[in-house]
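Enquirer: give the three-dimensional model of this entry:
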Amino acid sequence: MDEPEGGDTLRILLDENIPVQLKTLLPDHIVASVNDKDLGWKNITNGRLLKEMEGRFDLLITADKNIYAQQNFSGRTVSVLVLPTNRRRDVLSLGARIAETIDLIRKGDYLVLGINGSLETKSR
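Expert: Sure, this is the predicted structure:
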């Protein structure tokens, strides 16, 4: 994967429920999808996914609103951005807001983006 130019490049993983077309809206970052065949992470559990991501990716983008309650995030360095929907049209229409939010993310953040573009931070 070629590394984009820029100093704050993040390694982003799109969960399997996120449309891969979002990749094109994040050109300043290295973006992969769980659905990418060469990654081989399709259909693995969220716990294993988060473990595999450590040291390889900086941010998981998902639409799984339950991941916060289901996983222990203490000690993890991976950040998580939860989108309000996984509908392609809606995700792509939020593309600019998603890109803005990514620019605000710090290591270990857990952020929830609302359908109206609002942003909520959950503590770990």
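Enquirer: check what pLDDT Asn72 gets.
Expert: On pLDDT, Asn72 comes in at 66.
Enquirer: and Met1, by the same measure?
Expert: 40.
Enquirer: let's number from 126 now, not from 1
Expert: Understood, numbering begins at 126; the last thing we discussed is Met126.
Enquirer: quick one, phi psi at the residue most central in space within the chain?
Expert: Nearest to the geometric centre of the chain sits Ile186, at 1.8 Å (CA atoms, centre = their mean). Backbone geometry at Ile186, expressed as degrees, to the nearest 10, gives phi -110, psi 120.
Enquirer: and the contacts of stretch 205-222?
Expert: 142-144, 146-147, 150, 184-190, 192-193, 198, 223, 226-227, 230, 234-240, 242 (CB atoms under 8 Å, 6 or more residues apart in numbering). (C-beta placed from N, C-alpha, C; glycine too.)
Enquirer: show me what the helix or strand of the chain with the lowest mean pLDDT is packed against.
Expert: Ranked by mean pLDDT, DSSP states H and E, the helix or strand of the chain with the weakest confidence is helix 192-195, at a mean of 71. Contacts defined by 3 or more CB pairs under 8 Å, 6 or more residues apart in numbering; DSSP states H and E place helix 192-195 against helix 171-178, strand 204-207.
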